[in-house]
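Colleague: My questions concern the predicted model and sequence given below.
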Amino acid sequence: MSRQQFNTRHLPGFGPLAIALFAFLYIPLVVIAVYAFNSNRVVTIWEGGSTKWFGEVLRREDIRNAIINSLQIAVVAMVVSTVFALGAALGLVSMRRRQRAGALVLIGAPLVVPEIVSAVATLSFFVLVKIPLGQLTLVLAHIAFCIPFAFLPMRARLSDLDPRLFEAAVDLGARQRQVLWRITLPLLWPGVVSGALLAFIISLDDYLISSFVAGPGNDTLPVFIFGMIRNGITPAVNALSTMLLVVSFVILTISYKVTNRGSHS
Amino acid sequence: MNNRRAGDSSPTFAWPAVTYLAAVVGGPLLLVALYSLLTRGKFGVGVVWDPSIKAWKQLFLEEKLDGSTVFNSQYLEIIGKSFVLAALTTIFSIAVGVPMAIWMSFRSARWRQLLVFAVTIPFWTNTLVRTYAWMLILNDNGLINRGLLKAGVIEQPLRLLYNSGATLIGLVYTFLPFMVLPVFASAEKFDFRLAEAAYDLGARRPQMLKRLILPIIKPGIVAGVVLVFIPALGSFLQPELLGGGKSLMIGNLIQAQFGPSRNWPFGSAVAVALMIITLLALMVFNASSRKAAETGQSASGLL
Amino acid sequence: MVNVLNDRPARAGLVVDNAAKAFRTPEGGAVKALDGVSIDIAPGEFFVMLGPSGCGKTTLLRSIAGLENLDAGTIHLDGERLDTVAPFARRVNTVFQSYALFPHMTVSENISFGLEMAGASRRSAAPRVSEMLALVHLEEMGSRKPHQLSGGQQQRVALARALATQPSVLLLDEPLAALDLKLRRGMQSELKRLQAATGITFVFVTHDQEEALALGDRIAVFNDGKIVQCGTPEDIYERPNGRFVADFIGEASFLNVSMIANLPDELFVNANRGAHVAVRPERVRFVAVSESHLSGVVVESQYAGPDVRLVVQLADGQMVRVRTTAGVPTPTVGGRADVAFSVGSLRKIEV
């Protein structure tokens, strides 16, 4: 006779399905990474391991330029959008209800508006105000869609904090600015870091809006990769893609660690 | 009345971000609406100030060379097809994403944290790269065809890429985490003592799922539907790379008008139409999420 | 002497005059959290504000701290207007219910915070910080972070932090609510000791009537945004001015006067025979039939260690609570009981 206990957490079939779905989510990433190390020029026929494609990619000047362009834009977009988002997260708390609702709509807009619509709208705007397409327009557009991603972790962190902490500081004699520098910012810091990292990733990953506002000769890395894919599947694309995946993965892990450590203290 | 409590920062801190977004996102959206009512510019770039509803007419009418107009369903079909693909994406995501989210929420706290992180990673990695991965898997020389050929199941490679099926796979792949995460977030709130009480009172697993879990995760499913359906409807990369020329969606249509087809007013009209559909969908989902939240609450309130 | 409202003579201590404050409810209505409250707290007094949750006591405390603004009324401290002063400039500090210790600072940094806000450097504040650590017996804990401390220790850090700047008034918002019973008892004597040692006025908010009786020099009992009764613990317990106070503080039975036999008439000369009286259970004794004021049947008997708690049901259904010392013979459940009480312990209650 079975003495196995009835498991209230068990649901037959759910486990295998979930595992299959995790495989579905990860196999494509693994495929790219594995093919990136395939020495055969014909991507899908395995010939033996090699890192030569990574070397080739980094030797090509057009690719290096795209990487540098992307990094420059991502850094500027990250810094500016994080500062904007930090201000928004701090200021929104004390806004009047209606004002706050309006501000939230604007901050959330880049998440709700279909990316293709944002892309054509931003392009139309730059053409109208006659800013020549190039690095400047890329940065301006990236700042806009990075703001909500930088904003969300900070807002979440801020709403997790006990409002009594700020009251206690005021009660002990702290002025507004002292509360901000000595209490609010140190406690908000993990949210700021993870918001900034997410903004960086989002900027680095964007293809669609960038492809509209880049202008000639200013390809970001994803725009460049898209062009390569269009010209056929090559080992170089796999190597570049793998590099992008690794960068995203590393940044996400850092962000995850920062957020979790922050929530323990 | 000001909501400011002791120690809160000044509301003026928020103004730079709000002003910036109003200028770079809000204003341009209105600009697109305006462009849809103007005439295409010389050489097709930009617009000229000549008000016209021609762009909107073009959505369903075609102008013949002799100036007469006939009904043209070409663009409506693209919109319709986008709807179908977005709806199918949503349905598949619910079908597999909901059980996955429930399973995840039933794990121990440590595992839950790790699993959520595992679902989040693809969500943050480059969409272009992830879509490209499916080209490697589905093309004539791809992983699947090579495997099947080698196993002797087929003699000719199957045409897996460049059709609506491939687009659909790409869309489900991209947007599945958008369903799993909100459903997980609501399922995680489930109190396991309730399941124990239900089993104790004689419920079977399907009954427990239907009577206890479902009411709790309903708001999560509604949120997931919004997060999957809306971006899927306006998607560009998946139909572009996986659907080939045969599986155009609204996003590709808009892109073409601002690119090779050089018709900004028409592109703007389609963009405005997509924006309106998006807002309508949001409103419908908003109303139903309020309802779901209410029934969910009353269901948990009863216990 | 005639007092004109706006021209009070300067008085030492904390004076609240006609404080009023209403909150909007989500449904659009308004709740009067404070409805014309006036109190007069002497310097160095241990003053307790007691009442059920939502009675307005915490709102008044927060208004004194400056974390809430009054709709009407004034607050003066030592003759100077307080309610118009910014919260950071008030010589009033608060110990919060959740302690609100800054989690990113050490214990010493927490205590030093108020001193630094007042212009001290970390270094010049250090001696005072050590002094405060010694005062609350946490000499060894200065470099710990708050989450490394027990609840009782966190509580003492919160006290030390609030006392460090030597405020005129210390406000305590249910500071012991999160502690278990033993620890709470210990902290109560600790608070009394600290108050005596510092001479600072303590204003203490609680919903726990035993705590209020144990701690307060005076107690103000709040209900529905008003002060129902204000007096010494003995006043409040022995001479409640109405049913609410008699019921909220300790236990009491409410009896119709007409039911009570053998009452000396002079006690209720002016009372009509429908009036009610309150009597504390420990003032009720079991007696012989001839001496009894009331007779009935025991319906409940609970052994509670040092004493036994019984409920006697009278013929007309009214219940009388009785508490006797354990070991003394008492009637069992279902048995007949004749009870009496000293007439002096009866309190007339307006119903």
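Modeller: Received it, and whenever you're ready, just let me know what you need.

Colleague: who's in contact with residue 228?
Modeller: Using chain A here. A:234, A:236-237, A:240 (Cβ atoms under 8 Å, 6 or more residues apart in numbering or on different chains). To be clear about C-beta, it is placed using only N, CA and C from the backbone, and glycine gets the same treatment.

Colleague: not quite, I wanted chain B
Modeller: B:Val228 touches B:86, B:89-90, B:93, B:175, B:178-179, counting by Cβ under 8 Å, 6+ apart.

Colleague: any idea how far the spatially closest residue to it that is not a sequence neighbour is from C:Phe202?
Modeller: Nearest in space to B:Val228, with sequence neighbours left out and distances taken as Cβ to Cβ, 6 or more residues apart in numbering or on different chains, is B:Phe175 at 4.4 Å. Distance from B:Phe175 to C:Phe202, counting by Cβ to Cβ, to the nearest Å: 60 Å.

Colleague: which of these two has more neighbours?
Modeller: Applying other Cβ atoms under 10 Å in any protein chain shown to B:Phe175 and C:Phe202 shows that B:Phe175 carries more neighbours, namely 26 against 23.

Colleague: In a helix, the more buried one, correct?
Modeller: Yes. Going by DSSP: H, G, I helix; E, B strand; the rest coil, the assignment for B:Phe175 places it inside a helix.

Colleague: does it really touch B:Ile230, like I thought?
Modeller: No. B:Phe175 sits out of contact with B:Ile230 when judged by Cβ atoms under 8 Å, with a separation of 9.7 Å.

Colleague: Can you lay out the contacts of B:Val228 as JSON lines showing pLDDT and secondary structure?
Modeller: Formatted as JSON lines, the contacts of B:Val228 follow (pLDDT from 0 to 100; DSSP: H, G, I helix; E, B strand; the rest coil):
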{"residue": "B:Ala86", "pLDDT": "95", "secondary structure": "helix"}
{"residue": "B:Thr89", "pLDDT": "96", "secondary structure": "helix"}
{"residue": "B:Thr90", "pLDDT": "96", "secondary structure": "helix"}
{"residue": "B:Ser93", "pLDDT": "96", "secondary structure": "helix"}
{"residue": "B:Phe175", "pLDDT": "94", "secondary structure": "helix"}
{"residue": "B:Phe178", "pLDDT": "92", "secondary structure": "helix"}
{"residue": "B:Met179", "pLDDT": "93", "secondary structure": "helix"}
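
Colleague: and those residues as CSV, adding distance to A:Leu252?
Modeller: Formatted as CSV, these follow (distance: Cβ to Cβ, whole Å):
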residue, distance to A:Leu252
B:Ala86, 27
B:Thr89, 24
B:Thr90, 26
B:Ser93, 22
B:Phe175, 19
B:Phe178, 17
B:Met179, 20
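
Colleague: Now do the SS call for the nearest residue to C:Thr25 once chain neighbours are set aside.
Modeller: Excluding the flanking residues, the one nearest C:Thr25 by Cβ to Cβ, 6+ apart is C:Val31, at 5.8 Å. Of the three states, C:Val31 takes strand under three-state DSSP.

Colleague: now C:Val31: how far from A:Ser81?
Modeller: Distance, C:Val31 to A:Ser81, using Cβ to Cβ: 42 Å.

Colleague: Comparing the two, which residue is more hemmed in?
Modeller: Neighbours were counted for C:Val31 and for A:Ser81 using other Cβ under 10 Å; A:Ser81 has more, 29 against 14.

Colleague: contacts for the helix ranked longest in chain C?
Modeller: Longest helix in chain C, counting residues (DSSP state H): helix C:181-198. Helix C:181-198 is contacted by residues C:46, C:135-136, C:151-152, C:155-156, C:159, C:163, C:166, C:172, C:175-176, C:179, C:202, C:204, C:211, C:214-215 when judged by Cβ under 8 Å, 6+ apart.

Colleague: Buried among these? Need that as a selection in ChimeraX.
Modeller: The ChimeraX selection below is limited to those of the contacts of helix C:181-198 classed as buried (16 or more other Cβ atoms under 10 Å in any protein chain shown):
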select /C:46,135,136,152,155,156,159,163,172,175,176,179,202,204,211,214,215
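
Colleague: Among the contacts of helix C:181-198, which ones are in strands?
Modeller: Using DSSP state E, the subset of the contacts of helix C:181-198 located in strands is C:46, C:172, C:202, C:204.

Colleague: from those, which single one is nearest B:Leu115?
Modeller: B:Leu115 lies nearest to C:Leu172 out of the ones in strands among the contacts of helix C:181-198, by Cβ to Cβ, at 44.7 Å.

Colleague: Tell me where chain C has helices.
Modeller: For chain C, the helices defined by DSSP H cover C:57-65, C:107-117, C:122-135, C:151-163, C:181-198, C:209-215, C:233-238, C:243-248.

Colleague: What mean pLDDT does the last one get?
Modeller: Computed over helix C:243-248, the mean pLDDT rounds to 89.

Colleague: Mind giving me the packing neighbours of that helix?
Modeller: Using 3 or more Cβ pairs under 8 Å, 6 or more residues apart in numbering or on different chains; DSSP states H and E as the contact criterion, the elements in contact with helix C:243-248 are strand C:218-223, strand C:226-231, strand C:253-256, strand C:276-279, strand C:347-349.

Colleague: and the fourth one, how far from the chain's centre?
Modeller: Using Cα atoms, centre = their mean, to the nearest Å, we find the averaged C-alpha position of strand C:276-279 to lie 23 Å away from the chain's own average C-alpha position.

Colleague: ok and the residue in the stretch 51-200 of chain B nearest chain A?
Modeller: Nearest residue of the stretch 51-200 of chain B to chain A (Cβ to the nearest Cβ) works out as B:Ala133 at 3.4 Å.

Colleague: Quickly note the distance from that residue to A:Ala196.
Modeller: In this view, B:Ala133 and A:Ala196 are 28 Å apart by Cβ to Cβ.

Colleague: likewise A:Leu204?
Modeller: Using Cβ to Cβ, A:Leu204 is found at 13 Å from A:Ala196.

Colleague: circling back to that earlier point, and the gap between the residue nearest to B:Val228 and chain C?
Modeller: Using Cβ to the nearest Cβ, to the nearest Å, one obtains 36 Å as the distance from B:Phe175 to chain C.

Colleague: same thing with B:Leu194?
Modeller: For B:Leu194, the distance to chain C - Cβ to the nearest Cβ - is 28 Å.

Colleague: Assess the claim that that residue and B:Leu212 are in contact.
Modeller: Yes. Contact status for B:Leu194 versus B:Leu212: in contact at 5.6 Å, counting by Cβ under 8 Å.

Colleague: Spatially nearest residue to residue 195 (excluding sequence neighbours)?
Modeller: If you meant another chain, say so; for now it's chain A. A:Ala150 (3.9 Å).

Colleague: I was after chain B.
Modeller: Distance criterion Cβ to Cβ, 6+ apart; nearest residue to B:Ala195, sequence neighbours excluded, is A:Thr8 at 4.9 Å.
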